[in-house]
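Peer 1: just the structure for this:
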Amino acid sequence: MAPPKIFSVEEANGLLSQVAPLVQQLQGLQESLVNTNRRLDEHIQKLAQGNGYPIQDINTRIQELTTHQLDLVAAFQSALQQLESLGCVLKDLKLGLVDWYTLRDGELVFLCWRLGEDRIRFWHRVDEGFAARQPLE
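Peer 2: Numbers count the residues shown, from 1 in each chain. The predicted structure follows:
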């Protein structure tokens, strides 16, 4: 495994204009996946229950939703790969938490950013999380 790319605060801040839209895209894709899964479950329940629903119509809809779901998964994987190729570590998609490796007093730590913040202002140790983040200054 290759060593992680190390970022300065300035370098990581310079990526935010690319990172923020990718995180928003991932959040939207995740929401679409959840909704598609819910709709698939509903149609599968209809198929299992019978109750006079036209089976062919349900099968067709399940196939359409499955194809849509696979397209969403591919788009999600692509966006995630783009984010990772920038050197970011996605920590929590729901909260929009992204970290970058940096060195602080010779120790490998994370720069910590949350979607909606205008710049990176916090850091935390690699074995800690968002709750332990500390101001850079």
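Peer 1: quick one: the strands in this structure?
Peer 2: For the chain, the strands defined by DSSP state E occupy 89-92, 97-104, 107-114, 122-125, 134-135.
Peer 1: state the pLDDT value of the residue nearest to Ala132 when sequence neighbours are not counted.
Peer 2: Once flanking residues are discounted, Ala132 sits nearest to His124: 4.7 Å by C-beta to C-beta, 6 or more residues apart in numbering. Quick note: C-beta positions are derived from backbone N, CA and C, even for glycine. His124 carries a pLDDT value of 97.
Peer 1: likewise Phe7?
Peer 2: 98.
Peer 1: out of the strands of the chain, nearest to Phe7?
Peer 2: Proximity to Phe7 (C-beta to C-beta) singles out strand 97-104 among those, at 4.3 Å.
Peer 1: buried ones in that closest one?
Peer 2: Using 16 or more other C-beta atoms under 10 Å as the test for burial, strand 97-104 gives 97-102.
Peer 1: quick check, nearest of the residues you listed to Leu136?
Peer 2: Using C-beta to C-beta, the buried residues of strand 97-104 come closest to Leu136 at Thr102, 9.7 Å.
Peer 1: count the residues that sit near Trp113.
Peer 2: Look at Trp113: counted by other C-beta atoms under 10 Å, it has 27 neighbours.
Peer 1: find the nearest non-adjacent residue to it, please.
Peer 2: Among residues not flanking Trp113 along the chain, Ile120 sits closest, at 4.7 Å (C-beta to C-beta, 6+ apart).
Peer 1: which helix runs longest in the protein?
Peer 2: Counting residues, the longest helix found in the chain (DSSP state H) is helix 9-49.
Peer 1: helices and strands around that one, which ones?
Peer 2: helix 55-85, strand 97-104, strand 107-114 (3 or more C-beta pairs under 8 Å, 6 or more residues apart in numbering; DSSP states H and E).
Peer 1: between these, which one is closest to Ile6.
Peer 2: Across these, Ile6 has its closest neighbour in strand 97-104 (5.4 Å, C-beta to C-beta).
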